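Novice: Requesting a structural model of the entry that follows:
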Amino acid sequence: MFIPKSLLSLFDISRETVESLRLEVGTLRTENAILNRELTSNKIMSDWLRFQVNQLSDERVKLMEKAYPGLHLAVPEISRAIPNKVKDGFDLQALFEDQGDGSEKLPFIS
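Specialist: Predicted coordinates:
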């Protein structure tokens, strides 16, 4: 079987290309590790700040109640907002599951 040289040259990868891609992957992994550490640090700092603000507002309300007997105030609280988690991967298996044709009998219908 004859393979034209022009087609064969499409699959030829130079050593410089491989080395540059390895270097780029290394720098991207390093940046990823640094950003993960910074994200962890920022989460810790925001939790600490949230705790401090909640503690100060609680102390303020207690001092106001002590200064004005009979006064009862609600204590505002800052809580962590948990975002909706997005699925990490795309489930290919779900594409091939049987969806049914609607003819099967549902359990709650008689």
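Novice: So, low pLDDT: which residues of the protein?
Specialist: Using pLDDT under 70 as the threshold, the predicted model of the chain has low-confidence ranges 1, 83-92, 94-96, 98-110.
Novice: Where does T17 fall, secondary structure wise?
Specialist: Assessed by DSSP states H and E, T17 sits inside helix 15-67.
Novice: and that helix, how far from the chain's centre?
Specialist: In terms of CA atoms, centre = their mean, to the nearest Å, the centre of helix 15-67 is set 13 Å apart from its chain centre.
Novice: helices and strands around it, which ones?
Specialist: For helix 15-67, the contact count by 3 or more CB pairs under 8 Å, 6 or more residues apart in numbering; DSSP states H and E identifies no helix or strand as a packing neighbour. Glycine gets a C-beta too; all of them are placed from N, C-alpha and C.
Novice: Compute the distance between A74 and M64, please.
Specialist: When distance is defined by CB to CB, to the nearest Å, A74 is 11 Å away from M64.
Novice: Between the two, tell me which one has more neighbours.
Specialist: With other CB atoms under 10 Å as the criterion, A74 and M64 differ in neighbour count, and M64 comes out ahead with 12 against 6.
Novice: list the contacts for that one?
Specialist: If you count contacts by CB atoms under 8 Å, 6 or more residues apart in numbering, M64 has them with 71, 73.
Novice: One more pass at 6 Å, please.
Specialist: Taking CB atoms under 6 Å, 6 or more residues apart in numbering as the contact definition, M64 lies against L73.
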